[in-house]
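[1] predicted model, plus sequence, below.
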Amino acid sequence: MTAKSEWDKAALALANANSKEINALFCGVSIDEFHMISHVKTTKEAWMILETTYEGTKKVKDIKLQMLTNQFEELKMSDDESFDSFYGKLNEIVIAKFNLGEKIEDAKVVRKILRSLPESYCEKVTAIEESKDLDEIKI
């Protein structure tokens, strides 16, 4: 075998892999998303278009993360709010940050929950803090 035929086999293998990958992407997106990426030749190009569309550029992503961090820090449970409603809001922020690549540790979320509860939960918060290791407790 010559170097040229080996290169051709390698190029063919890469082209085959790209075709399979781009086909998988095409099958996994909506019709609108398909129209955005149908003209590209490589999987990387398609992925970059989808990534920029949904995550934005690094600058946009950083701004979104900063906004979510502010929302996380400012979130408090009101006296007339149910715990489920409050936890739902908090969980939405945690998931949104995770989807943008920033994981919030369980211990930080637990501490946030305990800090954010209204005065009527004071005794329960104290009991939890004294009886549990907040670094080990699960949400």
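    Looks like it arrived, so ask away.
[2] ok, for residue 113, nearest residue in space, not its chain neighbours?
    residue 90 (6.9 Å; CB to CB, 6 or more residues apart in numbering). Yep, even glycine has a C-beta here, placed from its N, CA and C like the rest.
[3] again with residue 47
    Using CB to CB, 6+ apart, the nearest residue to residue 47 is residue 25, at 7.2 Å.
[4] wait, doesn't that neighbour sit right on residue 43?
    Yes: applying CB atoms under 8 Å as the test, residue 25 and residue 43 come out as touching, 6.4 Å apart.
[5] domains of the protein: list them as residue ranges, please.
    Following automatic domain parsing, one gets these domains for the chain: 3-54, 58-131.
[6] quick one: which of these is nearest residue 138?
    For the domains of the chain, the distance to residue 138 is smallest for domain 58-131, at 6.1 Å, taking CB to CB.
[7] follow-up on the earlier one: check which helix or strand covers the residue nearest to residue 47.
    helix 3-28 (DSSP states H and E).
[8] on that earlier part again, just give me the neighbour total for the residue nearest to residue 113.
    For residue 90, the neighbour count with other CB atoms under 10 Å is 20.
[9] now the one 3 residues further on
    Residues contacting residue 93 under the criterion other CB under 10 Å number 20.
[10] for the domains of the chain, could you give me a markdown table that also reports distance to residue 139 and mean pLDDT?
    Formatted as a markdown table, those follow (distance: least, CB to CB, whole Å; pLDDT from 0 to 100):
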| stretch | distance to residue 139 | mean pLDDT |
| --- | --- | --- |
| domain 3-54 | 27 | 86 |
| domain 58-131 | 6 | 92 |
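[11] no more questions from me, cheers.
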